[in-house]
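Participant: Turn this into a structure:
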Amino acid sequence: MLSRTADNLFWLARYMERADFLARILQASRRLATLPRAYGGVETEWESALLSSGAAPAFHAAGLTVDEANVTQFLAFSPDNPSSIRNCIELARINARAVRTALTVEMWEAINGAFLELEAFERASRSAEEVTRFLDFVKQVSAAYDGGAHRTMLRNDAYWFSRVGLYLERADNTARLLDVKYHVLLPETEAVGGSLDYFQWTAILRAVSAHTAYHWVYRDSLKPWLVADLLILRPEMPRSLIACYESVVQNLDRLGKSHGKQGPAQRHARAVFGQLEHATIESVFHNGLHDFIQSFIADNHRLGTLVSEQYLF
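Facilitator: From the prediction side, this is the model:
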């Protein structure tokens, strides 16, 4: 496979996963914004949406006020935000067109249909109902693309590069979401374990489709350390860091076997996976969750660089 083709597939998957994540973040922030002010009195949900998406510097550089309308516009529709949902879908389609013959009909129709439908959403009003419909649409498109890839692609280089991109992006998104919750979302005046904390954790779990999973696994009320355990160390949770890295390692190993050799990307992925396998939630909190997450994000970014250097250039 040409490195250019591999690069297109890698980033196509990342852009589709990023669009899905942004839609989920905006939905979670909208739920939190509807809470009565009696639960907290400090509006941090829209700032947290910017931080978890990595768009805060660009947003503030534009001189915009942090409120629902501006943040939703910037993260969902703005052509000036490189990582907006609009731009993610457009970039996904550009990458898909470049490797059209490597995609199945189902994958192409999901991406191309989303791009065509996006134009209608851009012309529509920004009413609450339209925004809700748009965010649901983005999640459905992502599921259709991912389902199409999983159910119809040959298990070859194209599939493995696509999966590596998807799980790298998903791991980064889950890590940033956890970090923002612990250090930004809860106001300093609100107690951990209080009513606001409970509703925030519920919104975060729903953002990653893990609310029901939490109660199946723990059969307990919401506790911050258990939520962190679920999203970091539980391999049965599809969006957990360890589940993402288990898939990254598997697909990189398949690429290594296909190409006849291992490389720095495989070694680094196995090292990160090994750290997650041997970690406990007690050790994570003892050493500092923020430090753990920041170290993981740096390792994840490093792996993306190694994959690019090894295969995509």
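
Participant: For the rest of this, base every contact and every neighbour count on C-alpha atoms.
Facilitator: OK.

Participant: Give the buried residues for the helix or strand harbouring Thr212.
Facilitator: Take DSSP states H and E as the rule and Thr212 turns out to sit in helix 211-218. Residues 211, 214 are the ones in helix 211-218 that count as buried (16 or more other C-alpha atoms under 10 Å).

Participant: and that helix, what does it pack onto?
Facilitator: Applying 3 or more C-alpha pairs under 8 Å, 6 or more residues apart in numbering; DSSP states H and E, we find helix 211-218 packed against helix 195-207, helix 224-233.

Participant: Just the mean pLDDT for the shortest one, thanks.
Facilitator: Looking back up the chat, that one is helix 224-233. When pLDDT is averaged along helix 224-233, the result is 91.

Participant: what is the orientation angle of that helix with helix 195-207?
Facilitator: 20 degrees (axes from the mean of the first three to the mean of the last three C-alpha atoms, to 10 degrees).

Participant: can you give me how far helix 224-233 is from the chain middle?
Facilitator: 16 Å (C-alpha atoms, centre = their mean, to the nearest Å).

Participant: In it, which residues are buried?
Facilitator: Neighbour-count burial for helix 224-233 flags 224, 226-233 (criterion: 16+ other C-alpha under 10 Å).

Participant: How about stretch 136-155?
Facilitator: Those would be 137-139, 141-146, 148-149, 153, for stretch 136-155 by 16+ other C-alpha under 10 Å.

Participant: List the contacts of it.
Facilitator: 16-17, 19-20, 23-24, 103-104, 106-107, 110-111, 114, 159 (C-alpha atoms under 8 Å, 6 or more residues apart in numbering).

Participant: taking those one by one, which sit in helices?
Facilitator: Among the contacts of stretch 136-155, the members found in helices (DSSP state H) are 16-17, 19-20, 23-24, 106-107, 110-111, 114, 159.

Participant: so who does the residue nearest the centre of the chain touch?
Facilitator: In the chain, the residue lying closest to the centroid (C-alpha atoms, centre = their mean) is Asn173, at 3.4 Å. Shown here is Asn173, whose contacts under the criterion C-alpha under 8 Å, 6+ apart are 18, 21, 52-53.

Participant: State the pair within these that is farthest apart.
Facilitator: Arg18 and Ser52 (11.5 Å; C-alpha to C-alpha).

Participant: Give me the secondary structure label for Pro79.
Facilitator: Here Pro79 is recorded as coil under DSSP: H, G, I helix; E, B strand; the rest coil.

Participant: Surely it is in contact with Asn87?
Facilitator: Yes - counting by C-alpha atoms under 8 Å, Asn87 is a contact partner of Pro79 at 6.4 Å.

Participant: Which one's more surrounded, those two?
Facilitator: A count of neighbours by other C-alpha atoms under 10 Å puts Asn87 above the other of Pro79 and Asn87, at 21 against 14.

Participant: Can you point out the helix or strand that includes that one?
Facilitator: Assigned by DSSP H and E, Asn87 falls within helix 85-98.

Participant: Remind me what that helix packs against, helices and strands.
Facilitator: helix 3-33, helix 105-123.

Participant: Quick one: distance of that helix to the chain centre.
Facilitator: 17 Å.

Participant: So what touches it?
Facilitator: 5, 8-9, 11-13, 15-16, 18-19, 22-23, 75-79, 81-82, 103, 108, 111-112, 114-115, 118.

Participant: What are the buried residues along it?
Facilitator: Buried residues in helix 85-98, defined by neighbour count with 16+ other C-alpha under 10 Å: 85-97.

Participant: and of those, the nearest to Ser125?
Facilitator: Arg86 (15.4 Å).

Participant: Make TSV out of the contacts of stretch 136-155 and add neighbour count, pLDDT and distance to Ala128.
Facilitator: What follows is the contacts of stretch 136-155, written out as TSV (neighbours: other C-alpha atoms under 10 Å; pLDDT from 0 to 100; distance: C-alpha to C-alpha, whole Å):
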residue	neighbour count	pLDDT	distance to Ala128
Met16	28	97	24
Glu17	26	96	24
Ala19	26	96	19
Asp20	24	95	19
Ala23	25	95	14
Arg24	23	92	15
Leu103	20	95	35
Thr104	15	95	35
Glu106	17	95	31
Met107	24	95	30
Ala110	20	95	25
Ile111	24	96	25
Ala114	21	94	20
Tyr159	21	96	37
